[in-house]
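> Quick one, what's the 3D model for this:
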Amino acid sequence: MGRVLLGAFLTAVFLATQGVHILVRGAFLPASPRLGARLAPRRRAFYAAFHFVSAIAILALLIETAIKHHVTLRLVGERLGPVYQLVLVALSIVAVGIWCIIRPSGMIGWIRHDHPDLEDTPGILLTIRFIGAGFCAFGGVLLFRLVG
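Numbers count the residues shown, from 1 in each chain. Predicted coordinates:
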């Protein structure tokens, strides 16, 4: 359980770091020649807000869980049930799916590092968006089953 909470906290930290990087430099991490183009101010604010809202949602869920159960950090792993773990996993799956839908070229940025000949064809981008929609649907069904 502690690993799940630590992973959720680190995910929130990384999302917030990415949001700050977007606001300050106008580019995404990891930096690459293709992804290194500067974003327009409106797009910069939109992408930064997306990352900040995701980080705040994860942190709010972690804080709410700790307050609801009146636990210290030492007791977090002992008191939380498996439902909260699965809710965090489902939120992470939905966040990855939204990222695939909004920024499919960012998802293949790491692959492009090893395969520079990979092009951003409409078919590849559409495939990644469908995969992202699948992630969102799976995470949404999981959340609905756990919470509702």
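> Can you find the helix or strand in this structure with the smallest mean pLDDT?
helix 76-79 (a mean of 52; mean pLDDT, DSSP states H and E).
> any idea which element the residue most central in space within the chain lies in?
Nearest to the mean C-alpha position of the chain, by Cα atoms, centre = their mean, lies residue 95 at 4.1 Å. Residue 95 belongs to helix 82-102 when assigned by DSSP states H and E.
> Point out the other elements, helices or strands, that that helix touches.
Counting contacts by 3 or more Cβ pairs under 8 Å, 6 or more residues apart in numbering; DSSP states H and E, helix 82-102 is packed against helix 2-25, helix 41-68, helix 104-107, helix 122-147. Every residue, glycine included, has its C-beta placed from N, CA and C.
> if I read this right, the residue nearest to the centre of the chain contacts residue 54, doesn't it?
Yes - using Cβ atoms under 8 Å, residue 95 makes contact with residue 54 at a distance of 5.3 Å.
> which residues do these two both contact?
Here residue 95 and residue 54 have residue 15 as joint contacts, going by Cβ atoms under 8 Å, 6 or more residues apart in numbering.
> still on that earlier bit, any idea how far the helix holding residue 95 is from the middle of the chain?
Its chain's C-alpha centre and that of helix 82-102 lie 7 Å apart, by Cα atoms, centre = their mean, to the nearest Å.
> same deal with stretch 118-136?
Per Cα atoms, centre = their mean, the centroid offset for stretch 118-136 relative to its chain is 17 Å.
> I would like the residues contacting that stretch, please.
By Cβ under 8 Å, 6+ apart, stretch 118-136 touches 93-94, 96-101, 104-105, 107-108, 111-112.
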